[in-house]
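Generate coordinates for the sequence data below:
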Amino acid sequence: MTKQLQTLALVFAFALAATAIVSTQEKDQEKTPAAAPARVAPPIVPVKVQIVIARYQGEKKISSMPYNLSVLTGNPPATLRMGTKIPVTMLMMSNVPKDAPAGGPVQYQDVGTNIDCAVTALDDGRFALRLTIDDSSVYPDDQSTSRGNPSFRSFRTSNGMVLKNGETGQFTTAADKVTGETVRVDVTLTVVK
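Okay, here's the model as predicted:
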């Protein structure tokens, strides 16, 4: 009978030990934070962004330059670089005949338009745009402030805006101090299907 009691005591001890181990494992699992659900990347949406840089003299439109960019949301910015280099003579000689070649070193000035545009899709069907626009041009001869060399004007803006599909918004407006012209930048976003 003692052998049976010893066997029963041993079985009972194993049962208690197994219960204690399971209880400890359950407590450890409760202390361990649940794994965060896998973050789902937002879908990539192709959009077309139209940027119109217009110049006005009062209410009269003088020029309008449209630029279209195809952008994928959540990707690096789309970029546009369009321009030319204008030669500028650095030194003017006096008493030189008109048909003589220009003297002095020549430096080249960049003139044109640079646009960087990034778009992020928001949860509510709207889109956050981040734009940088750098536009430079040569003043017409009748508006030039220097004699002999061209005068250059420049316009640079960087900002963000939120638009819905098909919506147009005014990005910025600025006035040229020399000519009094107003520069207006309008932006339209369209989802490409």
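
Past the helix or strand of the chain with the lowest mean pLDDT, which element shows up next along the chain?
Across the helices and strands of the chain, mean pLDDT, DSSP states H and E gives its lowest value to helix 2-31, namely a mean of 61. Next helix or strand after helix 2-31 toward the C-terminus (DSSP states H and E): strand 46-57.

Run through who's touching the helix or strand following that following strand.
Downstream of strand 46-57, the next assigned helix or strand under DSSP H and E is strand 60-72. Outside strand 60-72, the residues that touch it by Cβ atoms under 8 Å, 6 or more residues apart in numbering are 44-56, 77-78, 80, 82, 113, 115, 117-119, 181, 192. Backbone N, C-alpha and C define where each C-beta goes, glycine included.

Give the other helices and strands that the longest strand seen in the chain contacts.
Secondary structure of the chain read by DSSP state E shows that its longest strand is strand 106-121. Taking 3 or more Cβ pairs under 8 Å, 6 or more residues apart in numbering; DSSP states H and E as contact, the helices and strands that strand 106-121 lies on are strand 46-57, strand 60-72, strand 78-89, strand 126-138.

Report the beta-bridge partners for the nearest residue in space to E167 that is not next to it in sequence.
In this structure, E167 finds its nearest non-sequential neighbour in L189, 6.4 Å apart by Cβ to Cβ, 6 or more residues apart in numbering. When bridges are called by DSSP bridges, L189 pairs up with V49.

L189 and G169, how far apart?
Noted for L189: a distance of 8 Å to G169, by Cβ to Cβ, to the nearest Å.

Could you pull out the residues contacting both of the two?
Common contacts of L189 and G169 (Cβ under 8 Å, 6+ apart): L163.

Looking at those two, which one has more neighbours?
Taking neighbours as other Cβ atoms under 10 Å, L189 and G169 compare with L189 leading, 23 against 14.

Looks like that one contacts V162 (just checking).
No: judged on Cβ atoms under 8 Å, L189 makes no contact with V162 at a distance of 9.5 Å.

overlap in contacts of these two?
Residues touching both L189 and V162 (Cβ under 8 Å, 6+ apart): 127, 129.

related to what we said a few turns ago, now do the residue nearest to E167, the pLDDT please.
L189 carries a pLDDT value of 98.

With the one 3 residues further on instead?
What the model reports as pLDDT for V192 is 95.

My understanding was that it contacts V47; is that so?
Yes: contact criterion Cβ under 8 Å: V192 and V47 qualify, at 6.2 Å.

out of these two, which sits in the busier spot?
V47 (21 against 11).

Okay, the more buried one and T188: tell me how far apart.
In terms of Cβ to Cβ, V47 sits 10 Å off from T188.
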